[in-house]
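S.K.: structure for this input, please:
(one chain, ligands or ions: 1)
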Amino acid sequence: MTNKSPLQIARAAYKPKLPLALSGAVKVIEGEKTQSVDNQAEIQAKFPNTYGLPVIRFEADSSTKNKSKEAINVGVILSGGQAPGGHNVISGLFDGIKSINKDSRLFGFLLGPDGLINHKYIELTADIIDEYRNTGGFDIIGSGRTKLEKEEQFDKGLEIVKQLGIKALVIIGGDDSNTNAAVLAEYYKKIGAGVQVIGCPKTIDGDLKNDSIEVSFGFDTACKVYSEVIGNIQRDCNSAKKYWHFIKLMGRSASHIALECALQTQPNVCIISEEVEEKNMTLDDVVNYIADIVARRAADGNNFGTVLIPEGLIEFIPAMKALIAELNDLLAKNKEEFAAAADQRKYIIEHLTEANAAIYASLPLGVARQLSLDRDPHGNVQVSLIETEKLLSEMVGNRLAYMKAEGKYNGSFKPLHHFFGYEGRCAAPTNFDADYCYALGVNATQLIKAGVTGYMSSIRNLTKPSVQWMAGGIPITMMMNMEQRNGEQKPVIRKALVKLEDGPFKKFAAKREKWARETSYVYPGPIQYFGPSEVCDLPPMTLVYEQQSK
Ligand code: FBP
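M.R.: Residues are numbered from 1 along each chain as shown. Below is the predicted model of the structure:
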């Protein structure tokens with residue numbers, strides 16, 4: 001990294017605030033034995049060596065001094081989509097192992113799990129680490145989405161791990177990547193490889209969470225970036241009063257990002273996929289809901305507004321979900337035949353069940369094509385490529401034309417489209433993410449020191465000042481259940497979706513009628529890195545409301 005902005009230079013000097021529990025010597029406290037969230041017998045059978053381990057808590061230990069310890073070599077992998085703060089997890093890890101012994105070494109595998117399998121790595125030295133402290137991005141070593149699931153991959157990885165004298169691998173990733181971490185930990189334990197595997201909860205999507213993982217890192221920064229821009233768009237739209245902005249927000253499956261941005265900016269409409277599914281809504285129901293709000297605002301003389309759409313919406317519309325599930329299996333089982341088909345649309349229609357074939361045939365060509373594109377290595381539809389914002393605005397436009405003909409609408413509807421996703425994934429981490437990530441890294445070192453494997457680094461109590469955060473680890477198997485992937489039942493970490501009975505959704509639901517009718521926009525402005533704590537250190541609003549509703 002050579003050219004730096006003034007902010008980058010100033011930000012490099014930021015010292016993340018560590019929880020008291022991790023600021024010096026640490027006491028390891030074992031909690032209750034655990035079990036998986038569902039399918040206990042199946043998960044235990046798949047993970048006989050790492051199932052049922054206890055939760056671990058770290059407490060500051062004033063009785064012992066940090067005795068000098070043997071140097072340890074650690075390998076780190078960044079896996080999946082970028083999320084702000086990854087570099088701070090790595091700096092925390094680096095500082096953590098160096099504080100144990102200055103001769104400890106950190107190796108970064110390049111471009112995700114592929115780096116481990118193909119033996120591509122660099123040693124992360126102090127000079128390199130210092131260049132990346134408090135910066136966004138994953139460019140220090142790069143990231144990738146290769147799924148680690150085959151024994152040949154694990155064995156290949158073990159060769160380089162042994163060659164470098166690595167004692168522990170830290171995998172920084174989302175639900176799929178931490179599932180990989182659990183599988184790898186189990187395998188290395190089974191063969192007595194003597195290599196620990198520790199996961200760190202990353203994803204801007206915010207769907208890797210539970211009682212011990214309050215939020216995944218990167219969610220806060222990404223949502224603050226999107227909320228800044230949504231706020232700016234709202235101010236523009238309230239100034240010109242002539243456009244409806246359809247804004248799709250990243251988040252492959254759950255609607256946490258859309259909900260957080262809605263709470264921060266108070267748009268006229270925000271669709272929550274989990275509610276659409278719960279109410280068994282059709283695509284037409286969603287369209288009519290938006291069109292009615294457009295019409296009501298037009299009746300008040302307001303031919304402008306904002307609509308937030310979660311990226312994963314399509315998969316939550318029950319009829320579409322059934323179609324996608326059947327498509328996933330069909331494409332996984334007949335990959336070659338499908339690739340060779342002269343008319344792939346016709347091939348799909350002929351091979352789907354009647355009901356799903358009819359839905360598929362009724363979709364606009366572009367959307368249908370996007371649904372049949374290659375899945376990612378974990379078998380997921382690449383929803384970020386589906387232009388739901390355009391699909392919805394086109395359908396809303398048609399509905400309004402119909403209402404106009406019936407005399408039920410008399411306004412002007414000029415839609416504009418946006419998709420915010422990649423813009424936020426590499427932003428410089430907020431103080432919250434910078435502190436949280438650094439703590440996750442230091443904490444991962446403590447888990448390595450405690451000798452455990454198959455654990456995820458866990459920092460809790462996150463709505464309190466960072467000195468009061470609680471540190472520890474939870475067995476990854478505890479978060480798992482069985483799900484259908486690539487045509488087979490597989491053990492995976494259960495995604496945390498938006499809960500309609502929880503505080504954040506309830507807050508939103510209580511206000512949305514007013515936000516729809518009135519213009520109650522909030523303009524959050526850009527992330528502040530320097531200044532008063534009440535401006536710079538705020539945690540995500542969903543996290544605050546979740547904690548309040550407990
Ligand atoms: P992770 O789950 O790996 O963190 O990735 C999340 C995400 O940002 C989704 O929100 C989005 O759908 C997807 O990555 C996009 O993937 P890609 O970077 O491969 O285009």
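S.K.: from here on, contacts and neighbour counts on C-alpha atoms
M.R.: Will do.
S.K.: can you tell me what sits against the helix or strand hosting residue 172?
M.R.: In this assignment (DSSP states H and E), residue 172 forms part of strand 166-173. If you take Cα atoms under 8 Å, 6 or more residues apart in numbering as the criterion, strand 166-173 is touched by 72-80, 86, 161, 177-178, 181, 194-203, 444, 448.
S.K.: residues contacting residue 87?
M.R.: 132, 133, 134, 135, 136, 137, 138, 140.
S.K.: give the next helix or strand downstream of the helix or strand bottoming out on mean pLDDT in the chain.
M.R.: Least confident helix or strand, the chain: helix 365-371 with a mean of 83, by mean pLDDT, DSSP states H and E. Using DSSP H and E, the next helix or strand after helix 365-371 towards the C-terminus is helix 388-405.
S.K.: what mean pLDDT does the following helix or strand past that following helix get?
M.R.: Downstream of helix 388-405, the first helix or strand assigned by DSSP H and E is strand 415-420. In this model, strand 415-420 has a mean pLDDT of 96.
S.K.: got it, and stretch 141-148?
M.R.: 92.
S.K.: residues contacting the residue with the largest distance to the centre of the chain?
M.R.: Centroid-distance maximum for the chain: residue 407 at 44.5 Å, with Cα atoms, centre = their mean. By Cα under 8 Å, 6+ apart, no residues touch residue 407.
S.K.: do you know how far it is from the ligand?
M.R.: Computed with Cα to the nearest ligand atom, to the nearest Å, the distance linking residue 407 and the ligand is 40 Å.
S.K.: how close does that residue get to residue 398?
M.R.: The spacing between residue 407 and residue 398, counted by Cα to Cα, to the nearest Å, is 14 Å.
S.K.: residue contacts, the spatially closest residue to residue 420 that is not a sequence neighbour?
M.R.: Nearest non-adjacent residue to residue 420, counting by Cα to Cα, 6 or more residues apart in numbering: residue 249, 5.1 Å away. Applying Cα under 8 Å, 6+ apart, we find residue 249 in contact with 257, 258, 308, 309, 310, 311, 419, 420, 421.
S.K.: for the ligand, see how far away residue 249 is.
M.R.: For residue 249, the distance to the ligand - Cα to the nearest ligand atom - is 8 Å.
S.K.: just to revisit the earlier point, of the contacts of residue 249 - the most surrounded one?
M.R.: Among the contacts of residue 249, the one with the most neighbours (other Cα atoms under 10 Å) is residue 257, at 32 neighbours.
S.K.: just checking, that one is part of a helix?
M.R.: Yes. The assignment for residue 257 by DSSP: H, G, I helix; E, B strand; the rest coil puts it in a helix.
S.K.: hang on, isn't it packed against residue 248?
M.R.: No. Residue 257 is beyond contact range of residue 248, at 10.3 Å (criterion: Cα atoms under 8 Å).
S.K.: mind listing the shared neighbours of those two?
M.R.: Listed as contacting both residue 257 and residue 248 by Cα under 8 Å, 6+ apart are residue 310.
S.K.: picking up where we left off before, export the strand holding residue 172 as PDB, just CAs?
M.R.: Output of strand 166-173 as PDB, limited to C-alpha atoms (Å, rounded to 0.1, in the frame of the first residue of the first chain):
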ATOM      1  CA  ILE A 166       1.500 -24.100  12.400                       C
ATOM      2  CA  LYS A 167      -0.300 -25.000  15.600                       C
ATOM      3  CA  ALA A 168      -3.600 -23.400  14.800                       C
ATOM      4  CA  LEU A 169      -5.600 -22.200  11.800                       C
ATOM      5  CA  VAL A 170      -8.000 -19.200  12.200                       C
ATOM      6  CA  ILE A 171     -10.700 -19.100   9.600                       C
ATOM      7  CA  ILE A 172     -12.400 -15.700   9.300                       C
ATOM      8  CA  GLY A 173     -15.700 -16.200   7.600                       C
END
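S.K.: need the residues of this protein near the ligand, please.
M.R.: For the chain, the residues found near the ligand under the criterion Cα under 6 Å from any ligand atom are 80, 81, 174, 203, 204, 205, 250, 251, 252, 383, 384.
S.K.: let's see that with 5 Å instead.
M.R.: When proximity is defined as Cα under 5 Å from any ligand atom, the chain approaches the ligand at 80, 81, 174, 203, 250, 251, 252, 384.
S.K.: can you lay out these as JSON lines showing secondary structure and pLDDT?
M.R.: Putting the residues of the chain next to the ligand into JSON lines (DSSP: H, G, I helix; E, B strand; the rest coil; pLDDT from 0 to 100) gives the following:
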{"residue": "80", "secondary structure": "coil", "pLDDT": "93"}
{"residue": "81", "secondary structure": "coil", "pLDDT": "94"}
{"residue": "174", "secondary structure": "coil", "pLDDT": "93"}
{"residue": "203", "secondary structure": "coil", "pLDDT": "97"}
{"residue": "250", "secondary structure": "coil", "pLDDT": "94"}
{"residue": "251", "secondary structure": "coil", "pLDDT": "91"}
{"residue": "252", "secondary structure": "coil", "pLDDT": "85"}
{"residue": "384", "secondary structure": "helix", "pLDDT": "69"}
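S.K.: among these, which pair sits farthest apart?
M.R.: Greatest spatial distance in those: 174 and 384, 16.4 Å, computed using Cα to Cα.
S.K.: quick one, grab the pLDDT at residue 334.
M.R.: For residue 334, the pLDDT comes out at 88.
S.K.: how about it, phi and psi?
M.R.: phi -120, psi 40 (degrees, to the nearest 10).
S.K.: ok, now how distant is it from the ligand?
M.R.: 23 Å.
S.K.: who's in contact with the least confident helix or strand of the chain?
M.R.: Residues from elsewhere that reach helix 365-371, judged by Cα under 8 Å, 6+ apart: 324, 345, 360, 361, 381, 385, 386, 387, 391.
S.K.: and the helix or strand containing the second one, which residues are buried?
M.R.: Taking DSSP H and E as the definition, one finds residue 345 inside helix 344-351. Residues of helix 344-351 classed as buried: 345, 348, 349 (neighbour count, 16 or more other Cα atoms under 10 Å).
S.K.: how about stretch 258-266?
M.R.: Within stretch 258-266, the residues that qualify as buried are 258, 259, 260, 261, 262, 263, 264, 265, 266, counting by 16+ other Cα under 10 Å.
S.K.: fine by me, thanks again.
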